[in-house]
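**Q** dropping the sequence and predicted coords here.
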Amino acid sequence: MTQVKEKERKLTIARAMAEAIAQEMRTDDKVFVMGEDIGELGGVFGNTRGLHEEFGGERVRDTPISETAFIGAAVGAASDGMKPVVELMFVDFFGVCFDAIYNMMAKNTYFSGGNVTVPMVLMTSTGGGYSDGGQHSQCVHATFAHLPGMKVVAPSNAYDAKGMMIAAIRDPNPVVFMFHKALQGMGWLGTEKEAIVHVPEAAYEVELGKAVVTRPGTDVTIVGITSGVHFGLKAARILEEQGVSAEVVDLRSLAPLDRDTVIESVKKTGRLIVVDEDYHSYGMTAEIIASVVEAGVPLKAAPQRVAYPDIPIPFARPMEQWALPSPEKIIAAFNKMKED
Amino acid sequence: MTTDVIVPVDMWEEDSEGVITSWLASDGGEVAEGDVIAELMVEKIQYELEATASGILKIINDVDDIVEKGQTVATIG
């Protein structure tokens, strides 16, 4: 008997996102794309490559540099039945358009008593590590996840990126889709090889709001999202050489937050380290630790967080690299737990 | 028969080096002629490298390696 094996088809997250958007545009003429340089250029992070060529300027619309205008326009179009996918090029730019995002996009469904839905996707780049300064390198995960009314998701690999983008476009709720620049496979932003994985060609959904155990283990749970997952996987491999079995959980979604998967993991391991490239205080790391503690999970040591220091992101490379989370910092956190 | 995968000499105009930013096929994996198997970058512009034959890919230059036009970066056999 011959075994039919699907031919390997590896994609970068950039390619996976563009493929997902293209597939939804082919089957649903309400889907269109707006943003800065997302047309002929294909997006500065490659995630709309090929769309302008296939669908033209009417459905893949380059906008002037006014996030206030085009995100506001997208909220209006979505409220009127369209399914816009708009790009906020750097999440750091949210300051000029946050009224459209959190007062209109996130709340219009509530304000209308459920009569109006806002089925839009706001895709936006996060993260640093390539010396682009404090206004191009932030994650601000918690800033968005703190505000009710919108889903906030962020993939760590190309398979999830495609399935989550398709799910986001089909979702009747507004979805903020964050993608980390170093995971895009764009070279000049740093390259994470493990983000480039096999992606089936046919359209599929990855359910939004579900975490996944990326690597099973028994001694310590390492929870992360986007870059934090890859730091966690690298730390887990080093810990394995020291005889420690680390479980890595990829949250994939900040809102809704899959607390159950995290709690189940910590029940098994009794130790928790949370990794986040967003700022330390009032962040995702605190939310995860609080959720585990509130659930009364018995712990063998005090939980630890490895997050960004509460400082503006430095431009100078040695200073920025010092500030970023890393596998070494995760291992130091684990060693601190052993001393407790 | 083994076929070399060579960075085409006309892939980019400038006389500069490029860098491999991703392999879209695995070392030891099967590829078909015409598949996009790698991405290269020069001055923030990406170029696609296609498989020149069908067969098993053997990668010579990994991601982040600096390469020149005309350089053999993999073989297909």
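**A** Looks like it arrived, so ask away.
**Q** tell me how many other residues surround residue 32.
**A** Going with chain A. Using other C-beta atoms under 10 Å in any protein chain shown, A:Phe32 has 21 neighbouring residues. (Glycine included, C-beta is placed from N, CA and C.)
**Q** correction: the question concerned chain B.
**A** B:Ala32 has 13 neighbours, counted by other C-beta under 10 Å.
**Q** quick one: residues contacting the spatially closest residue to it that is not a sequence neighbour.
**A** Closest residue to B:Ala32 apart from its sequence neighbours, by C-beta to C-beta, 6 or more residues apart in numbering or on different chains: B:Ser54 at 4.8 Å. B:Ser54 sits next to B:Glu30, B:Val31, B:Ala32, B:Glu33, B:Ile76 when contact means C-beta atoms under 8 Å, 6 or more residues apart in numbering or on different chains.
**Q** give me the pLDDT value at B:Ser54.
**A** pLDDT recorded at B:Ser54 is 95.
**Q** next, it: phi, psi?
**A** phi -100, psi 140 (degrees, to the nearest 10).
**Q** chain A versus that one, what's the distance?
**A** 11 Å (C-beta to the nearest C-beta, to the nearest Å).
**Q** and what about residue 38, helix, strand or coil?
**A** I'll assume chain A. coil (DSSP: H, G, I helix; E, B strand; the rest coil).
**Q** I was after chain B.
**A** Per three-state DSSP, B:Ala38 ends up strand.
**Q** name whatever forms a beta bridge with it.
**A** Going by DSSP bridges, B:Ala38 is paired in beta bridges with B:Trp23, B:Leu49.
**Q** returning to that earlier point: just the buried members of the contacts of B:Ser54?
**A** B:Glu30, B:Val31, B:Ile76 (16 or more other C-beta atoms under 10 Å in any protein chain shown).
**Q** and those as TSV, adding distance to chain A, pLDDT and secondary structure?
**A** TSV is the format used below for these (distance: C-beta to the nearest C-beta, whole Å; pLDDT from 0 to 100; DSSP: H, G, I helix; E, B strand; the rest coil):
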residue	distance to chain A	pLDDT	secondary structure
B:Glu30	6	93	strand
B:Val31	9	94	strand
B:Ile76	14	96	strand
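**Q** please work out which residue of chain B is closest to chain A.
**A** Closest approach between chain B and chain A, counting by C-beta to the nearest C-beta: B:Thr21, at 3.3 Å.
**Q** just the pLDDT for the residue lying closest to A:Val140 once chain neighbours are set aside.
**A** In space, and not counting its chain neighbours, A:Val140 is closest to A:Val91: 5.6 Å by C-beta to C-beta, 6+ apart. On pLDDT, A:Val91 comes in at 97.
**Q** surely A:Val91 touches A:Gly128?
**A** No. Counting by C-beta atoms under 8 Å, A:Gly128 is not a contact partner of A:Val91; they are 11.1 Å apart.
**Q** now stretch A:212-227: buried residues?
**A** Those would be A:213-215, A:217, A:219-227, for stretch A:212-227 by 16+ other C-beta under 10 Å.
**Q** no wait, stretch A:119-132
**A** Neighbour count says stretch A:119-132 has A:119-129, A:131-132 buried, by 16+ other C-beta under 10 Å.
**Q** what's the closest of those residues to chain B?
**A** Closest to chain B, out of all of those and judged by C-beta to the nearest C-beta, is A:Asp132, at 12.5 Å.
**Q** that closest one and A:Trp188, how far apart?
**A** 10 Å (C-beta to C-beta, to the nearest Å).
**Q** same deal with A:Thr109?
**A** For A:Thr109, the distance to A:Trp188 equals 39 Å [C-beta to C-beta].
**Q** so those two - more neighbours on which side?
**A** Ranked by neighbour count (other C-beta under 10 Å), A:Thr109 and A:Trp188 place A:Thr109 first, with 20 against 16.
**Q** returning to what we had before: joint contacts of A:Val91 and A:Gly128?
**A** A:Gln138.
**Q** enumerate every residue touching A:Glu8.
**A** A:His198, B:Ala25, B:Ser26, B:Gly29, B:Glu30.
**Q** tell me the confidence at it?
**A** For A:Glu8, pLDDT reads 87.
**Q** now it, what are its backbone angles?
**A** According to degrees, to the nearest 10, A:Glu8 has phi -60, psi 140.
**Q** okay, strands next: where are they in the chain?
**A** With no chain named, the answer covers chain A. Per DSSP state E, chain A carries strands over the ranges A:10-11, A:31-35, A:60-62, A:83-90, A:121-126, A:151-153, A:175-180, A:197-198, A:212-215, A:220-224, A:246-250, A:253-255, A:272-279, A:304-308.
**Q** actually chain B
**A** Counting by DSSP E, the strands of chain B are B:3-6, B:18-23, B:30-31, B:36-42, B:45-50, B:55-59, B:66-67, B:72-76.
**Q** what about the nearest residue to B:Gly55 once chain neighbours are set aside, distance to B:Thr52?
**A** Excluding its sequence neighbours, the residue lying closest to B:Gly55 (C-beta to C-beta, 6+ apart) is B:Ile76, at 4.5 Å. Noted for B:Ile76: a distance of 7 Å to B:Thr52, by C-beta to C-beta.
**Q** what sits in contact with each of those two?
**A** Common neighbours of B:Ile76 and B:Thr52, counting by C-beta under 8 Å, 6+ apart, are B:Thr3, B:Val5.
**Q** show residues contacting stretch A:313-323.
**A** A:Gly128, A:Gly129, A:Ser131, A:Asp132, A:Gly133, A:Gly134, A:Ser137, A:Gln138, A:Tyr308, A:Pro309, A:Ile311.
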